[in-house]
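Asker: Here's a sequence, model it:
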Amino acid sequence: MNDLNCLNNIIGLSQNECVCYDDGRPVDFDKSNSGLYLDELEGLNLRTLASDVECGEGNIWLKMEKAITNAINNFRTDLLSSIMLTQRNARKPFQGIIGQLKFKTFNTIPTTWTGLRINPREYKGSVLTIKGITALMDSTVVFDVFIYDNISPTPLHSILNVNATTGTATKNPLTNPIDLPLYVEGYDDDSLQYFVVYQPSGFNPLDNKISCGCRRTENFESWLTIEGIQGDVIADREDWNSNGFANGLALDVTTKCNVAEIICGGDSNDSLDFENDGVALSMAYAIRFKAGEILIEDILASGEINRFTMLDKERLWGKRNHYRTEFRTRIVYISDTIDIDSNDCLVCGDKRINRSSILT
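Answerer: Numbering: from 1, shown residues only. This next block holds a predicted model:
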């Protein structure tokens with residue numbers, strides 16, 4: 001799966017507008033951000049490709065699209081594997097519950113709102129994913145939870161119909177987990193905040209605490225700090241009073257750093273500069289070589305083989321091997337050259353492993 005927008009349309013299918021190849025041709029067949037096209041790869045062209053697939057036995061356009069999609073996924077995986085031979089994660093990912101599931105009694109909330117404030121450490125590329133909310137209340141109720149930041153006046157997310165059962169830690173897994181970036185451009189120096197809040201109307205939270213109370217740093221604190229909050233006016237949430245209670249909430253979360261954003265220069269939505277950046281252009285060439293390799297393998301491994309393909313099989317396998325070698329060469333070049341410091345996910349690691357071990 002490709003969640004790096006900078007790789008969308010990195011190469012095109014063809015510039016050939018011949019009506020002979022209209023059947024099944026997608027609308028954006030000629031869209032290429034790099035100016036490179038799959039059917040212009042040395043040894044491939046539409047005439048050859050179309051003749052390799054028997055009429056009615058498959059659509060060459062679909063095969064080309066599939067080859068590019070798989071090539072992008074292969075490129076991402078192999079490049080990151082190559083990078084991680086000399087780098088390591090800057091901090092250990094966290095997976096677990098923030099907020100204790102233990103309690104003694106309940107807290108009376110004197111304000112309209114209560115909940116949690118999240119203070120990110122703000123490492124570029126880091127993300128907090130909320131997978132569920134456990135509610136600890138003194139009543140059996142259904143209530144709504146809202147997530148704000150300190151940038152927008154409106155909620156980022158609304159979690160409706162959170163269930164609580166009297167005196168019980170009630171789990172509410174989220175069908176669609178919520179990703180909160182722990183770094184936002186322009187909000188550095190500990191200025192970014194998130195607020196997970198609700199209105200305790202007619203019920204009270206149990207007195208679960210945030211900290212486990214043990215004499216060690218909480219595992220999540222390398223990514224963020226968190227505190228309980230209470231207040232009346234949602235617009236003043238940055239100034240609400242804080243405390244060490246989780247106010248009846250426990251968050252099922254994971255933290256991670258999106259190492260793959262390095263490919264796009266530190267942001268998955270960044271565009272690549274194919275005119276001035278040699279690494280970006282090498283990415284396009286690498287993906288085209290890998291797509292050519294995959295396309296040839298797809299054609300030769302299927303039953304869609306005609307007389308031309310059978311006669312030219314040795315040449316096609318030779319091309320496939322050449323494309324594979326060119327792809328590997330570019331993976332090594334890119335992993336040695338790409339800007340590792342475009343986000344805060346990695347630090348240099350002392351790993352004495354030859355890259356060839358993952359590129360075989």
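Asker: Could you list the low-pLDDT ranges of the stretch 201-350 of the chain?
Answerer: 212-218, 302-312, 350 (pLDDT under 70).
Asker: can I see the domain layout of the chain?
Answerer: The record's domain parsing of the chain by automatic domain parsing lists 5-88+261-357, 104-247.
Asker: biggest strand in the chain by residues?
Answerer: strand 169-181 (DSSP state E).
Asker: now for the domains of the chain, which one comes closest to residue 94?
Answerer: Closest to residue 94 of these is domain 104-247 (CB to CB; 4.6 Å). Bear in mind the C-beta positions are built from the backbone N, C-alpha and C, glycine included.
Asker: From the opening residue of that closest one to its closing one, how far?
Answerer: Using CA to CA, to the nearest Å, one end of domain 104-247 lies 13 Å from the other.
Asker: Off-centre distance for it?
Answerer: With CA atoms, centre = their mean, to the nearest Å as the basis, domain 104-247 stands 23 Å off its chain's centre.
Asker: now the strands for this structure?
Answerer: Going by DSSP E, the chain shows strands at 87-89, 94-98, 113-120, 126-136, 141-149, 157-164, 169-181, 194-198, 224-231, 241-243, 249-257, 346-348.
Asker: strand partners of the fourth one, parallel vs antiparallel please.
Answerer: Put plainly, it is strand 126-136. Strand 126-136 pairs in its sheet with strand 169-181 (antiparallel), strand 249-257 (antiparallel), by DSSP bridges.
Asker: Out of the ones you listed, which is the most enclosed?
Answerer: strand 249-257 (a mean of 22; mean count of other CB atoms under 10 Å).
Asker: now the angle from that strand to strand 113-120?
Answerer: Put simply, strand 249-257 runs at 20 degrees to strand 113-120, going by axes from the mean of the first three to the mean of the last three CA atoms, to 10 degrees.
Asker: re earlier: looking at the strands paired with strand 126-136, spot the one closest to residue 147.
Answerer: strand 169-181 (6.8 Å).
Asker: Can you pull out the residues in contact with that closest one?
Answerer: Here strand 169-181 makes contact (CB atoms under 8 Å, 6 or more residues apart in numbering) with 101, 118, 126-137, 147, 156-157, 159, 162-164, 194, 250, 252.
Asker: Just the buried residues of these.
Answerer: In terms of neighbour count (16 or more other CB atoms under 10 Å), the buried residues within these are 118, 126-128, 130, 132-137, 147, 157, 159, 162, 164, 194, 250, 252.
Asker: Residue 96 is nearest to which of the domains of the chain?
Answerer: In terms of CB to CB, the element of these nearest to residue 96 is domain 104-247, at 6.8 Å.
Asker: So what's the residue count around the residue lying closest to residue 330 once chain neighbours are set aside?
Answerer: Counting by CB to CB, 6 or more residues apart in numbering, residue 286 is the residue found nearest to residue 330 once chain neighbours are left out, at 3.9 Å. Applying other CB atoms under 10 Å, we find 24 residues neighbouring residue 286.
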